[in-house]
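Undergrad: what follows is a protein structure lacking sequence information:
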Ligand SMILES: [Fe+2]
Ligand SMILES: [Zn+2]
């Protein structure tokens, strides 16, 4: 028996339906957009591979329904390793950090605009580190939307396209006071949550009011190490976050730490101001224990990366992972930030498109 025939015999053990499903012929996939033209119901249940012919680069499968499927040798090799999909939101593809050990590398806005390479590196920081810090953005009101335009689309909410963060006389949110704001994620009461947040400094001449970022994935990993029980409660129990005013009622019910089907951390929600009391049960004190164990880690001195947002600075971060905070500041003087939301899907898409450009 020839070697090619041996290999062909081996290939017959692949799933005929999987081979058929991968077919890209004109009957199976649209030639322009690559979308599947057939439904799963078109896959015959008792399909078999009848023959395989191999060249140096390709394998041609003849199936029992008369269909022929041409796959590259690489595609066939991939079928045999049993690969699974990499989840772009998972802790497994992130670089998790403790603030005390992290160096800040701000990116000048002009460099970011001028160079696709700088843009790619910076957006990858949002994807892997959780944030990027731009400097030298225009101090004009609304410039935060120009930053969003470079990687995605604004996520408009009941706060508008842009929200102003400054001291107000009758604040409907503690953010609009000069008080300290503990580390939190924004809008945990929305489903889906806005997955990217931007904060852009227009003016500041106050003492204090420093910004902070905490890696919520790192904190959750630490909780899993030191208290698997608390981690289990925060990732498996339902919690209730709400926001309510005269024209709005928003709520989310679900875990504080969300896991994917491989039990990897993919999302953290945390906000003292909008989290409601846990539901009453015989375990409620264990739930409180779990919440305070996580809060202790999140508020730990070594976790936070503290920095000052100067006029023209804009921080862009993953709001499904980063918690942000602010130290208190003196109430005389000005501190004016503008914030906006966007989504991680389009940011990750921009990375993928920029990567294609790198390859060309
Ligand atoms: Fe916030
Ligand atoms: Zn086909």
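TA: Cool, got the structure. Keep in mind that this is a model prediction, so the values were computed, not measured. Ligands and ions are numbered 1, 2, ... in the order given.

Undergrad: may I see the buried residues of stretch 246-253?
TA: Residues of stretch 246-253 classed as buried by neighbour count (16 or more other C-beta atoms under 10 Å): 250, 252. For every residue, glycine as well, the C-beta is placed using N, CA and C.

Undergrad: quickly list the domain ranges of this structure.
TA: For the chain, the structural domains run 3-81, 91-359, going by automatic domain parsing.

Undergrad: of these, which approaches ligand 2 most closely?
TA: domain 3-81 (3.2 Å; C-beta to the ion).

Undergrad: tell me the predicted confidence for the residue nearest to residue 57 when sequence neighbours are not counted.
TA: By the measure of C-beta to C-beta, 6 or more residues apart in numbering, the closest residue to residue 57 outside its immediate chain neighbours is residue 73, 5.8 Å from it. Looking at residue 73, its pLDDT stands at 89.

Undergrad: mind starting the numbering at 90 from now?
TA: Yes, from this point I'll number from 90; that puts the last item at residue 162.

Undergrad: show me where the chain has its helices.
TA: 92-100, 105-110, 162-170, 198-203, 205-217, 232-238, 305-315, 317-325, 373-387, 433-448 (DSSP state H).

Undergrad: and these, which one is worst for confidence?
TA: Of all the helices of the chain, helix 92-100 has the smallest average pLDDT, which comes to a mean of 70.

Undergrad: pick the most buried one from the helices of the chain.
TA: Ranked by mean neighbour count under mean count of other C-beta atoms under 10 Å, the helices of the chain are led by helix 305-315, which reaches a mean of 21.

Undergrad: that helix packs against which elements?
TA: helix 317-325, strand 354-357, helix 373-387, strand 411-415 (3 or more C-beta pairs under 8 Å, 6 or more residues apart in numbering; DSSP states H and E).

Undergrad: ok, back up a step: let me see the contact set for the residue nearest to residue 146.
TA: Counting by C-beta atoms under 8 Å, 6 or more residues apart in numbering, residue 162 makes contact with 143, 145, 146, 147, 148.

Undergrad: mind checking which of those residues land in strands?
TA: 143, 147, 148 (DSSP state E).

Undergrad: let's see if you can find the most crowded of those residues.
TA: For the ones in strands among the contacts of residue 162, counting by other C-beta atoms under 10 Å, the largest number of neighbours falls to residue 148: 22 neighbours.

Undergrad: not counting its neighbours along the chain, what's nearest residue 313?
TA: Excluding the flanking residues, the one nearest residue 313 by C-beta to C-beta, 6+ apart is residue 320, at 4.2 Å.

Undergrad: ok, now residue 406?
TA: residue 220 (3.7 Å).

Undergrad: I figured the one you found hits residue 403, correct?
TA: No: counting by C-beta atoms under 8 Å, residue 220 does not reach residue 403; the two are 10.7 Å apart.

Undergrad: so these two - more neighbours on which side?
TA: Between residue 220 and residue 403, residue 403 has the larger neighbour count (other C-beta under 10 Å), namely 28 against 21.

Undergrad: pull the number of nearby residues for the nearest residue to that one once chain neighbours are set aside.
TA: Counting by C-beta to C-beta, 6+ apart, the nearest residue to residue 403 once its immediate chain neighbours are dropped is residue 289, at 4.1 Å. Residue 289 has 29 neighbours, counted by other C-beta under 10 Å.
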